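K.L.:
model this:
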Amino acid sequence: MSAMLVVSGCQSTGGEVNEQMMGAGVGAALGCGVGLLIGGRAENCLAGAAAGGLVGWGVVKISQYQAHQVRSAAAERRVYGLTQAVDTPQVKIRRGTSSPKHVRPGQDVRITTDYSVLLPRGNRSATVKESWVLKKDGKVLANLPPQTNRRTAGGWAASASIPIPGNAAPGTYVVEHKVSSGSSYDEDDSTFTVRG
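P.N.:
So this is what the prediction gives:
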């Protein structure tokens, strides 16, 4: 809890990458301290530092967010073979992507969610929420800030950049892309690799 409070306090102190590095460093240091207090051995320090370092990803912010319509409503209906109108707003992800596929710590990754919005007759738009979760080795590192906007029927591409902390562990990271509108939602995954 202490690590989480200290890390959350870092959010207003500087640039995004510096915040992430400070958050991960403070989290690792506090995690090590807690590990030593609990177990009194070096192995406990290492385990606590690893767990604390993951907390540093919790301050990830998105930047350069943008969304634009990429396909018409008629094109979306043809793609999904819909001959009848829908009763409630529907969303469907065509594809979630992360690029570049290989990055080094300190670089940015661009995440893009290409999705469709289908609306009932008479509805001009619907509220759509776009969200992303960053994971590594099955653990959630960060819930990226969701974006909620009104969308007309058709295909949409929403994208944003996320900075990779300078001390990010090498390996494969998973981005879970999700869009929702009312009770309709869809998810897709993309991956990128941080090189050592």
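K.L.:
which stretches of this protein form helices?
P.N.:
For the chain, applying DSSP state H gives helices covering 2-9, 16-39, 42-55, 73-79.
K.L.:
what's the last one in contact with?
P.N.:
It refers to helix 73-79. Here helix 73-79 makes contact (Cβ atoms under 8 Å, 6 or more residues apart in numbering) with 71, 116, 117, 118, 119, 152, 153, 154, 155. To be clear about C-beta, it is placed using only N, CA and C from the backbone, and glycine gets the same treatment.
K.L.:
cutoff 6 Å now
P.N.:
With Cβ atoms under 6 Å, 6 or more residues apart in numbering as the test, helix 73-79 has contacts from 116, 153, 154, 155.
K.L.:
ok, now stretch 143-156?
P.N.:
By Cβ under 6 Å, 6+ apart, stretch 143-156 touches 62, 67, 69-73, 76, 115-117, 119, 125, 127-133.
K.L.:
And that stretch, what's buried?
P.N.:
Using 16 or more other Cβ atoms under 10 Å as the test for burial, stretch 143-156 gives 144, 147, 151, 153, 154, 155, 156.
K.L.:
Mean confidence (pLDDT) on it, please.
P.N.:
The pLDDT scores in stretch 143-156 average 95.
K.L.:
Quick check: end-to-end length of stretch 75-89?
P.N.:
Taking Cα to Cα, to the nearest Å, the first and last residues of stretch 75-89 lie 16 Å apart.
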